[in-house]
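Engineer: Make a model of this:
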Amino acid sequence: QVHLIESGGGLVQAGGSLRLSCAASGRTFSSLSMGWFRQVPGKEREFVAAISWRGGSTYYSDSVKGRFTISRDNVKNTVYLQMNSLKPDDTAVYYCAARYYSGSYYRDSDYDSWGQGTQVTVSS
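Structural biologist: Here you go, the predicted model:
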């Protein structure tokens, strides 16, 4: 089992930037594929970005492509989500997730461990 703790959320004006971090412990981080999802109350959890276990492949939803960047540091056991040009529609709770085995990067049910979430609020 892997334990995930997100940080870096907060309130920012539209057009601003935030960097989310997700620290992992309890399992060999470098063997895990990692993803970021977000959820707004009353809506389903939505895929945002994912990164392969070595970091060589990244995946983004169309809504964040070109604005968000996912990266990882396998020495620090941390995955990051750099969010630029933020929009009010990016307001959500952001969750970090770890996938132990093969599966879809885009499907939340294929991920095995989840963080508690961090709130991102973008004001207009």
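Engineer: can you give me the end-to-end distance of stretch 61-74?
Structural biologist: One end of stretch 61-74 sits 23 Å from the other (CA to CA, to the nearest Å).
Engineer: buried sites along it?
Structural biologist: 61, 64, 68, 69, 70, 72, 74 (16 or more other CB atoms under 10 Å). In short, each C-beta sits where N, CA and C put it, glycine included.
Engineer: Take these and keep only those in strands.
Structural biologist: With DSSP state E as the criterion, strands contain 68, 69, 70, 72 from among these.
Engineer: want to try CSV for the buried residues of stretch 61-74, with pLDDT and distance to residue 29 as columns?
Structural biologist: Listed next are the buried residues of stretch 61-74 as CSV, based on pLDDT from 0 to 100; distance: CB to CB, whole Å:
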residue, pLDDT, distance to residue 29
61, 98, 23
64, 98, 23
68, 98, 21
69, 98, 19
70, 98, 15
72, 96, 8
74, 92, 6
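Engineer: Strands along this structure, start to end?
Structural biologist: 3-7, 10-13, 18-25, 33-39, 46-51, 58-60, 68-73, 78-83, 92-99, 113-114, 118-123.
Engineer: Of all these, which one comes closest to residue 106?
Structural biologist: Nearest to residue 106, of all the strands of the chain, is strand 46-51, at 4.8 Å by CB to CB.
Engineer: That closest one - contacts with which helices or strands?
Structural biologist: Strand 46-51 sits against strand 33-39, strand 58-60, strand 68-73, strand 78-83, with contacts defined as 3 or more CB pairs under 8 Å, 6 or more residues apart in numbering; DSSP states H and E.
Engineer: one more time with 6 Å, if that's ok
Structural biologist: In this structure, strand 46-51 makes packing contacts with strand 33-39, strand 58-60, strand 68-73, judged by 3 or more CB pairs under 6 Å, 6 or more residues apart in numbering; DSSP states H and E.
Engineer: Distance to residue 51 for these - can I get that in TSV?
Structural biologist: As requested, the helices and strands packed on strand 46-51 are exported to TSV (distance: least, CB to CB, whole Å):
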stretch	distance to residue 51
strand 33-39	5
strand 58-60	5
strand 68-73	5
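Engineer: neighbours around the residue lying closest to residue 40 once chain neighbours are set aside, how many?
Structural biologist: In space, and not counting its chain neighbours, residue 40 is closest to residue 92: 4.9 Å by CB to CB, 6 or more residues apart in numbering. Per other CB atoms under 10 Å, the neighbour tally for residue 92 reads 22.
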